[in-house]
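Peer 1: Below: sequence and its predicted model.
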Amino acid sequence: MTNTSPTATEYSTTPGTTARPSQNAGDRPGIPIVFIHQNYSHYLDFTLRQAVSSNPDSPIHLLGDADNNRFPFLIHHNIRDLLNEEAQRFEQVYKHSSPNHYNYELFCFIRWFLVRELMRREGYQQVFVADSDVMIYSDLTKYVDQTGLNESIAGFNVGADYQWVRSSSGHSSYWTWEGISLFCELAINLYTEPRLMAFMDQIRAEKIIKNDRAGISDMTALYVFYEEEHTRIRNLSESMNNSAFDHNICMATNYNLDEYEFGLGRKKIVMKDGFPMAYNVFLKKEILLHTLHFQGNSKNIIHRYYTGGGLLPSRLFREIRFKASVLYHMVR
């Protein structure tokens, strides 16, 4: 795989900066943070403001639509405006193999082409991408610089069992221009290059044997990318310097199986000085989590873990609504 875009050589900026900052980005020198979301969801108010609170020096981008163009504190882009020929080419070669809806699974792939197009237009050499249900607590620019993450081409969540499940996750992911370019190229090659097509056929056959209903998704593509480039990719699930990135608050597993203390359906989280701490049963000590991922129904408790300013009425409303829902299901 090669990086053929002129952008990679056109801009020779210091990592974490942009060669030609957009007018909206201003002079914010921090690593750009990118969220992608269609329509409006109540938890966006918390996740987006949390990112602004913890990363005040970073330009925050939301790739969205008219329904969520309501946050004046960030840079909003319409998804339609970022679609390009590469995304269209992927759509042409994509073969659906998932129990999830075709449009849903296709968009999970297309979003990475959107990120690459944003980086190309803004001249970004690196970005951090977060799912819209991810709360960010650490200054990611400091994390990247202090841990040498910028020496890798990418970083995302990979479990110890990734070869068994044939899956990795990009819900909290770091990308360089080279990394995102290679990944988008690989995504197309998965459906066009004989070697990778044969590998995908093998994965599909394994999933049928295992009765794995997850099917083929962009998480499968991230797994293949990790297999191809693992020496240059940081695993954000692993504890490093007594910290890690949360895979899913509803799972005790992060990197290792049953790695963190668990109770009431989620990791036992204690907030200390504005940071979530979880006890790692293997390391026998508390680990700082840079992010929390509120997958599924756990989105209903995002407000409890918000550490930014304001939003008190919204937090109270969400808490009353959540408790009312719990009570309703108890007495049904």
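Peer 2: Cool, got the structure.
Peer 1: Distance check, residue 44 against residue 182.
Peer 2: 30 Å (C-beta to C-beta, to the nearest Å). No exception for glycine: its C-beta is placed from N, CA and C like everyone else's.
Peer 1: cool, residue 200 as well?
Peer 2: Applying C-beta to C-beta to residue 200 and residue 182 gives a distance of 17 Å.
Peer 1: Helix or strand, whichever it is, which one in this structure has the lowest mean pLDDT?
Peer 2: helix 7-10 (a mean of 32; mean pLDDT, DSSP states H and E).
Peer 1: which residues does the residue lying closest to residue 187 once chain neighbours are set aside contact?
Peer 2: Nearest residue to residue 187, sequence neighbours excluded (C-beta to C-beta, 6 or more residues apart in numbering): residue 221, at 5.2 Å. By C-beta atoms under 8 Å, 6 or more residues apart in numbering, the residues touching residue 221 are 109, 183, 186-187, 190.
Peer 1: between the residues you listed, which has the most around it?
Peer 2: With neighbours taken as other C-beta atoms under 10 Å, the top of these is residue 183, carrying 28 neighbours.
Peer 1: For it, what is the enclosing helix or strand?
Peer 2: helix 177-189 (DSSP states H and E).
Peer 1: Summarise which helices and strands that helix is packed against.
Peer 2: Applying 3 or more C-beta pairs under 8 Å, 6 or more residues apart in numbering; DSSP states H and E, we find helix 177-189 packed against helix 7-10, helix 85-93, helix 102-122, strand 154-157, helix 218-229.
Peer 1: May I see the ones you listed arranged in JSON lines, with distance to residue 48 as well?
Peer 2: Shown next, in JSON lines, are those (distance: least, C-beta to C-beta, whole Å):
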{"stretch": "helix 7-10", "distance to residue 48": "27"}
{"stretch": "helix 85-93", "distance to residue 48": "24"}
{"stretch": "helix 102-122", "distance to residue 48": "16"}
{"stretch": "strand 154-157", "distance to residue 48": "21"}
{"stretch": "helix 218-229", "distance to residue 48": "22"}
